[in-house]
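>>> One predicted model, sequence on top.
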Amino acid sequence: MKLLRDGICYVDIEDLFNKDCESIHFESKTYNKGDMAIVTDPKDIETIMGLDFIIDYDEVFNIDDYELMVRINREENDLAYFSDILSSTPLEERQELWDDEDFSKGYGRCTYRLKTLREYYQNRDDYDLKVANHLLQARVKKKGTINGQK
């Protein structure tokens with residue numbers, strides 16, 4: 001997942017190692033803070049925020065479990081669409097389908113988004129706490145205090 005706050009992009013390290021990110025050259029240093037990276041270069045932030053396979057944390061944080069399940073079901077339906085195309089394609093023609101960039105990237109992105117949403121649903125409280133800790137650390141680093149206390 002990704003999150004943009006105060007001109008800083010926080011992104012899961014795992015997302016940056018996704019094969020769709022392999023060709024991206026990041027200008028800014030990314031600092032590994034546990035399992036999240038901090039990206040500060042505006043061009044890099046724009047690139048990351050434009051990657052639709054990385055879910056924006058703000059898309060899921062303020063919704064209830066029912067709405068999150070609706071989103072998961074939507075991704076499952078999209079994945080079923082790709083699977084139906086694949087299963088209805090004769091075996092000898094499937095490589096052509098995988099070679100088609102729209103199909104292969106669409107399938108990969110849908111699979112990745114579904115995996116991310118399911119993991120978030122199963123570990124929601126832990127993930128929310130992790131994000132809150134990262135934001136608090138950034139605030140302390142920037143201001144040197146928490147609510148006026150050093």
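Structure's in. What do you need?

>>> Tell me the buried residues in stretch 90-104?
Residues residue 103 are the ones in stretch 90-104 that count as buried (16 or more other C-beta atoms under 10 Å). (C-beta placed from N, C-alpha, C; glycine too.)

>>> That stretch - what's its average pLDDT?
Averaged over stretch 90-104, pLDDT sits at 92.

>>> hmm, who's touching stretch 87-105?
20, 82, 85, 86 (C-beta atoms under 8 Å, 6 or more residues apart in numbering).

>>> Next, the distance between the ends of it.
Stretch 87-105 has an end-to-end distance of 17 Å (C-alpha to C-alpha, to the nearest Å).

>>> Where does pLDDT dip in the chain?
By pLDDT under 70, the weakly predicted segments of the chain are 23, 25-34, 142-150.

>>> go with 50
145 (pLDDT under 50).

>>> Identify each buried residue in the helix ranked longest in it, please.
Longest among the helix segments of the chain by residue count, using DSSP state H, is helix 65-88. Under the neighbour-count criterion of 16+ other C-beta under 10 Å, helix 65-88 has 68, 71, 72, 75, 78, 79, 82 buried.

>>> Would you confirm that the second one contacts residue 64?
No - the pair residue 71 / residue 64 is not scored as a contact, 11.2 Å apart, by C-beta atoms under 8 Å.

>>> OK, contacts around the spatially closest residue to residue 63 that is not a sequence neighbour?
Nearest non-adjacent residue to residue 63, counting by C-beta to C-beta, 6 or more residues apart in numbering: residue 71, 7.7 Å away. Neighbouring residues of residue 71 by C-beta under 8 Å, 6+ apart: 60, 63, 117.

>>> tell me what the helix or strand hosting the first one is packed against?
What that stands for is residue 60. Using DSSP states H and E, residue 60 sits in helix 57-61. Contact partners of helix 57-61 among helices and strands, from 3 or more C-beta pairs under 8 Å, 6 or more residues apart in numbering; DSSP states H and E: strand 2-5, helix 124-143.
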